[in-house]
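>>> When you get a sec, could you give me coordinates for this:
(one chain, ligands or ions: 1)
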Amino acid sequence: MRAAVFDSGVGGLTVVKSLIEHRFFDEIIYFGDTARVPYGTKDKNTIVRYSLEALEFFKNFDPDLLIAACNSVSAHALEELRESATFPVVGVIEPGVLAAKERLEGHEPILVIGTKATISSGQYEELLRQEGFCNLTFQATPLFVPLVEEGILTGPIVQATMDHYFHNLPHPKGIILGCTHFPLLQEALTSYFGPETILIHSGEAICDYLHQALAIEPTNRQPELKLFASESPEKLKRVAREWLRYSSR
Ligand code: DGL
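Sure thing, here's the model as predicted:
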C-alpha cells in the first residue's frame, strides 16, 4: 500500500515516525509545504486552498490513502479534501479523540493544545464532547512551533513558554498534543506536568485508527520513504535523518 502524508512543513515527520514503526505501508510519500508554513496562523480559506493544491501534487502518485498529519489541515480542510480526492483521506483529530477515549475517563480533566487555527476551529471540542468528555481546557500554544523548528526542546526558554501558557490552567490528567510538532516536547511536558499526565500523540493515535477503524494490517517490511517539500527539500531530508534516523529518496 502507498500512503501519502501531508503536512504544512517538517512537523508531520512525527506522524511518519509512528507510521514507519508500525510498518503499515510499503511506500510513504511525504509532502511538507515548507514554503508556506505555518498554517496554524492562517484562516480557513487559505488552509483549504493550500490543502487542495497539495492534493493535486499527491494525485500524481496514485496513493491508496492520504493522511492529513497536520492538525490545522485536519481541523479546516478535511471535508474539502475528501470531496476532491479519489482515495480516502484521514485526519488526525478523530483518531486523537478516540485515543483519549481509550485512555481517559469522561470526567477527567483534559487539556488540548494546538495552533490557533486548530483550537479556534472547535473541532476537538465538538468531538470530545460527543464522546462524553466534559472537563476540557483548550489552549493555543503557537510559540511551541518555532521552538521545535529551532531544535529547542528543553531548557529555560521552553520552561518560560510553558509557564506563560499553562500557569493559570487546571492540572490535566491527559493532554492531547494537537499539533505535529508537540511530540518533540514530550519530555519537557512530562517534566512540567508530572509523569502521571497522559500525553496523546497524533502519530500513535493515527496508527491505532488505521488498524482498528480501517483494518490496515502491518506488512513487516520497512516502508520506502519519499520526501518532497515546496521549499528547501534538503532541510526536510536533514530533519528526517535527525528525527527518524531513516534515509529517504
Ligand atoms: N503542522 C501544524 C499543525 O499540526 C503545525 C505547524 C503549522 O502551524 O503549520 O497544526
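
>>> what about the longest helix along the chain and the ligand, touching?
Once the chain is assigned using DSSP state H, the helix that runs over the most residues is helix 44-59. No: interface with the ligand: helix 44-59 contributes nothing (Cβ under 6 Å from any ligand atom), its closest point being 8.9 Å away. Bear in mind the C-beta positions are built from the backbone N, C-alpha and C, glycine included.

>>> neighbouring contacts of the next helix or strand along the chain from that helix?
Proceeding N to C from helix 44-59, the next assigned helix or strand is strand 65-68, under DSSP states H and E. The contact list for strand 65-68 (Cβ atoms under 8 Å, 6 or more residues apart in numbering) reads 1-6, 15, 19, 51, 55, 58, 74, 77-78, 81, 85, 87-92, 206, 214.

>>> where does the chain come near the ligand, residue by residue?
So far as Cβ under 6 Å from any ligand atom goes, the chain lies against the ligand at 7-9, 11, 37-40, 70-72, 115, 118, 145, 179-181.

>>> Report the spatially closest residue to residue 187, excluding sequence-adjacent ones.
residue 154 (6.2 Å; Cβ to Cβ, 6 or more residues apart in numbering).

>>> ok, now which ones touch that neighbour?
Here residue 154 is in contact with 187-188, 191 (criterion: Cβ under 8 Å, 6+ apart).

>>> Most neighbours of all these, which one?
Greatest neighbour count in those, by other Cβ atoms under 10 Å, goes to residue 188: 20 neighbours.

>>> now the strands for the protein?
2-7, 27-32, 65-68, 89-90, 110-114, 136-140, 174-178, 198-201, 224-229 (DSSP state E).

>>> all helices for the protein, in order.
13-22, 44-59, 71-76, 78-84, 93-103, 116-121, 123-130, 144-149, 156-166, 186-193, 202-212, 233-244.

>>> Point out the most buried one among those helices.
Highest mean neighbour count of the helices of the chain: helix 71-76, a mean of 30 (counted as mean count of other Cβ atoms under 10 Å).

>>> any idea how far that helix is from the chain center?
Taking Cα atoms, centre = their mean, to the nearest Å, one finds the center of helix 71-76 at 9 Å from the center of the full chain.

>>> still on that earlier bit, helices or strands up against the longest helix of the chain?
strand 2-7, strand 27-32, strand 65-68, helix 71-76, helix 78-84, helix 116-121 (3 or more Cβ pairs under 8 Å, 6 or more residues apart in numbering; DSSP states H and E).

>>> I'd like those laid out as CSV, including mean pLDDT.
CSV is the format used below for the helices and strands packed on helix 44-59 (pLDDT from 0 to 100):
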stretch, mean pLDDT
strand 2-7, 98
strand 27-32, 98
strand 65-68, 98
helix 71-76, 98
helix 78-84, 98
helix 116-121, 98
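
>>> contacting residues for the residue nearest the centre of the chain?
The chain has residue 180 as the residue nearest its centroid, 3.4 Å off, counting by Cα atoms, centre = their mean. Taking Cβ under 8 Å, 6+ apart, we find residue 180 in contact with 7-8, 11-15, 69-71, 202.
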